[in-house]
Each structure stands twice: as C-alpha cells, then as structure tokens.
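> Here is the input, now give the coordinates:
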Amino acid sequence: MDLSIKSASRAEEEAVRGVIIAAFLTDPVARWMCPEPHQYFAACGSFTRAFAGNAFANGSAYCADDFASAALCCLPESIPQKKRCPLS
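Residues are numbered from 1 along each chain as shown. Next up is the predicted model:
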C-alpha cells in the first residue's frame, strides 16, 4: 500500500482537524483533562481551530490522500508572541 502525502488546503481544514481530534481520542492526558466525550470534543475542537489556522495559512498542514493521517506544523514565527510558550 502506497501512502501519498499532500499539502492540505483550506477547503480540507475541517477533515484534517477531524483526523487530529480522532488521533487523540484515547490519549491518557487528553482524557484526564477532559474525561467526558463532550468535553473532549469541545476542547479539542477549539484547540485545533485556534492553533491549526496558521498551519493552513502557511502551507504547513499535511494529510494523506485518504485522510488516514495528518500533521499540522505551526512554525514558531507564525504564532503571535502572546500565545507562545514561555519555555520556548
């Protein structure tokens, strides 16, 4: 099976964010912070929306052709200073 990775477009943003949300559905830390499914989906949806936008705008969002995988690369210079991690 060949896996084909492509740059994700703005039109594919919702599908790509869905892949990321699904990927962490059983993550212990995510479920500890949001033990109820409705909490997880609300928080993760907001989180990916807040931080993923720059990946799409900068052309650093990627996905498999069949949406079996996705990656959102947020470049440090694309994150506003007030949102940057104080440890970075």
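
> List the contacts of residue 49.
By Cβ atoms under 8 Å, 6 or more residues apart in numbering, the contact list for residue 49 reads residue 17. Using the backbone N, CA and C atoms, a C-beta is placed for each residue, glycine as well.

> hmm, try it at 10 Å
Residue 49 makes contacts with 13, 14, 17, as judged by Cβ atoms under 10 Å, 6 or more residues apart in numbering.

> Can you name the next helix or strand after the helix or strand harbouring it?
In this assignment (DSSP states H and E), residue 49 forms part of helix 37-57. Sequence-wise, the next helix or strand downstream of helix 37-57 (DSSP H and E) is strand 61-64.

> returning to that earlier point: pLDDT on the helix holding residue 49, on average?
Mean per-residue pLDDT for helix 37-57: 84.

> That helix: how far from the chain's middle?
The chain centroid and the centroid of helix 37-57 are separated by 7 Å under Cα atoms, centre = their mean, to the nearest Å.

> Restrict it to CA atoms and write it as CSV.
The C-alpha trace of helix 37-57 is given here as CSV (Å, rounded to 0.1, in the frame of the first residue of the first chain):
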residue,chain,number,x,y,z
PRO,A,37,-16.6,12.8,25.5
HIS,A,38,-18.5,16.1,25.0
GLN,A,39,-15.8,17.9,27.0
TYR,A,40,-13.0,16.4,24.8
PHE,A,41,-14.7,17.2,21.5
ALA,A,42,-15.4,20.8,22.5
ALA,A,43,-12.0,21.4,23.9
CYS,A,44,-10.0,19.6,21.2
GLY,A,45,-12.1,21.3,18.5
SER,A,46,-11.4,24.7,19.9
PHE,A,47,-7.7,23.9,20.5
THR,A,48,-7.1,22.7,17.0
ARG,A,49,-9.1,25.5,15.5
ALA,A,50,-7.0,28.1,17.4
PHE,A,51,-3.6,26.6,16.6
ALA,A,52,-4.2,24.9,13.3
GLY,A,53,-5.2,28.0,11.4
ASN,A,54,-1.7,29.2,11.0
ALA,A,55,-0.6,25.8,9.6
PHE,A,56,-3.1,26.1,6.8
ALA,A,57,-2.3,29.8,6.1
